[in-house]
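K.L.:
kindly return the folded structure for what I paste below:
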Amino acid sequence: MKQNRKILKWTALAGAILLVVGAVVSGLAFAMTGFQFFKLTMSPEDEKARETITLPFEEGEITDVFFDIDFCGIQIEGEEQQGATLTLPASELVYELAEGTLRVTQKKDSASQRWEWYRLLNISSQPESKAVLSLPTDFPGQIRVKNNFGDLTLEGLSSLSRLSVDMDYGSMGLSDIHVKDGIELTSDFGGIQLQNCETTGSLTVKSRNGEVRATDTSFLNGDFSLSFGSLRIEDTGKNTACQSLATYVENGSTTLKEVTAAEKLECHSEFGEITLQNAASKNLLLRNENGAIRGTISGSQQDYQILVETEFGSSSLSPKLTGHYLLDARTEFGDIALSFSEE
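P.N.:
Presented below is the predicted three-dimensional model:
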């Protein structure tokens, strides 16, 4: 028994020593990488892949932009400058400029072509290879983006003709942009945020998995479609407006704050609450299959013809057949709790 205790004691002591040695070695390795986790597993090829090149372009040399890449982040920004500059990961991406169209694509033999399962984890401590394109703020051309894995930021462009983005895995952040002919955004996995954006055409947003948020964003006709994720559209006082807005959310909440759609505002939800705060339109059509419809309508109840129907739930409003505008709210499983701002 005494011999067994002695063996146990020495085993515990050896384990403690190994634990301390392991911690010291790990700490030294971490320090040698500049306290950046991702460098612990980076190979010389990975280091080389992160080297960048910067390419200048003359004023007017680029008329349209097309990114068609697989594994790389993208940053497109407007700057007070005459020409354009493009910074690329040297061994990941290539570019060509033909008839005014700048096309950026993935190298066929790049390290990123060797796809691994862990890319799905999107480890935040690992910096993303990124292409950076700086354009004049008044760049008037079209921008198209197709990306499989990587985030997109786009900001500070006041004169785009058209913008279309199609992404598989990665978030989108758009801010301070004006687009003449329309914006079309599609995402499979990743959030979409629009801040202070404007188009005199249509805004179409389709998301399968991810939150969508549009703040101080103006458009002629809006169409938002989400499969899984919450939708929030709000005006913080800049008086943004649209002619028509249609939203459809399968699984997630819908929030409209200070939203005005002059001709028609149509909201659909399958699973999730619809919340309005001072929503306004000549025609308000609200449909929810499994969830409540709550909030306030801008104006007076006397202005609206009211149609309400709920199969399993209560309603704060009663049907009313007179009024210049129409409020049509219906639920299957959920309450209708709406009021008017001028009551």
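
K.L.:
going forward, measure contacts and count neighbours with C-alpha atoms only.
P.N.:
Will do.

K.L.:
hang on, Met167 packs against Gly191?
P.N.:
No: counting by Cα atoms under 8 Å, Met167 sits too far from Gly191 to count as a contact (10.6 Å).

K.L.:
between these two, point out the one with more neighbours.
P.N.:
Of the pair Met167 and Gly191, Met167 is the one with more neighbours under other Cα atoms under 10 Å, namely 24 against 21.

K.L.:
dump the residue contacts of that one.
P.N.:
145-149, 186-189 (Cα atoms under 8 Å, 6 or more residues apart in numbering).

K.L.:
again, only this time at 10 Å
P.N.:
69-70, 145-152, 185-190, 207 (Cα atoms under 10 Å, 6 or more residues apart in numbering).

K.L.:
which of the residues in the helix or strand containing it are classified as buried?
P.N.:
Here Met167, judged by DSSP states H and E, is contained in strand 162-169. The neighbour-count check on strand 162-169 (16 or more other Cα atoms under 10 Å) flags 162-169 as buried.

K.L.:
could these be laid out in a markdown table, adding pLDDT and distance to Gly83?
P.N.:
Formatted as a markdown table, the buried residues of strand 162-169 follow (pLDDT from 0 to 100; distance: Cα to Cα, whole Å):
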| residue | pLDDT | distance to Gly83 |
| --- | --- | --- |
| Arg162 | 98 | 20 |
| Leu163 | 98 | 20 |
| Ser164 | 98 | 23 |
| Val165 | 98 | 24 |
| Asp166 | 97 | 26 |
| Met167 | 96 | 28 |
| Asp168 | 95 | 31 |
| Tyr169 | 94 | 31 |
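
K.L.:
ok so Leu18 is a strand residue?
P.N.:
No: checked against DSSP: H, G, I helix; E, B strand; the rest coil, Leu18 lies outside a strand; its state is helix.

K.L.:
quick check: it vs Thr11, distance?
P.N.:
To Thr11, Leu18 is 11 Å away according to Cα to Cα, to the nearest Å.

K.L.:
same thing with Leu152?
P.N.:
For Leu152, the distance to Thr11 equals 53 Å [Cα to Cα].

K.L.:
more neighbours: those two, which one.
P.N.:
Between Leu152 and Thr11, counting by other Cα under 10 Å, Leu152 is the more crowded of the two (22 against 12).

K.L.:
is it true that the more buried one touches Phe71?
P.N.:
No: when contacts are counted by Cα atoms under 10 Å, Leu152 is not listed as touching Phe71 (11.6 Å).

K.L.:
now do the shared contacts for these two.
P.N.:
Lys130.

K.L.:
downstream of the strand holding Met167, the next helix or strand is which one?
P.N.:
Past strand 162-169, the next helix or strand by DSSP H and E is strand 172-179.

K.L.:
quick check: neighbours of the strand holding Met167 in the sheet, parallel or antiparallel?
P.N.:
strand 142-149 (parallel), strand 182-189 (parallel) (DSSP bridges).
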